[in-house]
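Enquirer: Please work out how this folds:
(one chain, ligands or ions: 2)
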Amino acid sequence: MERTFSIVKPDAVKAGNTGAILSRIEKAGFRIVALRMRHLTRAEAEGFYHVHAARPFFGDLCTFMSSGPCVTMVLERDNAIAHLRDIMGATNPANAAAGTIRKDFAASIEANAIHGSDAPETAKFEIGYFFAGLETR
Ligand code: ATP
Ligand code: MG
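Expert: Residues are numbered from 1 along each chain as shown. Ligands and ions are numbered 1, 2, ... in the order given. Next comes the predicted model:
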């Protein structure tokens, strides 16, 4: 069993797609370990995405991520990190495969409906960032 961290991003919450996305995640065999809706402050968004601080899109990304409520969660299944990335689809929904969450719910490369950790080290950081204590089990 492996844990990963995910966010239903503000665009998807605003569009009323939270339930549909959670349903896809559960149907894909993930157990929801922890879940909380929150409206991130800009500082929280900046800390969460600190690895992208030098990227040209960083300012807009942090504005977007703090623009409305999002749903943060810890998910568990075998091969959770890679499997969640599979069902999310490519970062740019224009390149996302049919049947993926981003293909069906994302509007743009920025407002792309869902976040998923990309590696064990980032999953550990991201779980601990929002759900202190759950990164070690
Ligand atoms: P995430 O980390 O949110 O799961 P990802 O791993 O697919 O997405 P990253 O490269 O980590 O993609 O980028 C983080 C987020 O920054 C993207 O999900 C998207 O919201 C935004 N982003 C990435 N590239 C761009 C870009 N070229 N223009 C605008 N926003 C971008
Ligand atoms: Mg990423």
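Enquirer: Which positions in this protein make contact with ligand 1?
Expert: By C-beta under 6 Å from any ligand atom, the residues of the chain that approach ligand 1 are His52, Phe57, Leu61, Thr91, Ile109, Glu110, Asn112, His115, Gly116, Asp118. In this view, the C-beta of every residue, glycine as well, is placed from N, C-alpha and C.
Enquirer: Any quick PyMOL command for the buried ones out of those residues?
Expert: Listed next is the PyMOL selection for buried residues among these, using 16 or more other C-beta atoms under 10 Å:
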select buried, resi 61+110+112+115+116
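Enquirer: Strand partners (parallel or antiparallel) of the host helix or strand of Glu76?
Expert: Assessed by DSSP states H and E, Glu76 sits inside strand 70-77. In the sheet containing strand 70-77, its partner strands are strand 2-8 (antiparallel), strand 31-38 (antiparallel), by DSSP bridges.
Enquirer: hang on, the earlier thing: just the ones of the residues of the chain next to ligand 1 in helices?
Expert: Assigned to helices by DSSP state H, the following of the residues of the chain next to ligand 1 qualify: Leu61.
Enquirer: Spatially, which two of the residues of the chain next to ligand 1 are the most separated?
Expert: In those, two members sit farther apart than any others by C-beta to C-beta. They are Phe57 and Gly116, at 18.0 Å.
Enquirer: Please report the distance of the residue nearest the centre of the chain from Gly29.
Expert: In the chain, the C-alpha closest to the average C-alpha coordinate belongs to His115, at a distance of 2.1 Å (C-alpha atoms, centre = their mean). Relative to Gly29, His115 is positioned 19 Å away (C-beta to C-beta, to the nearest Å).
Enquirer: cool, Cys70 as well?
Expert: Between Cys70 and Gly29 the distance is 23 Å, computed by C-beta to C-beta.
Enquirer: swap in Asp118?
Expert: When C-beta to C-beta is applied, the distance between Asp118 and Gly29 equals 20 Å.
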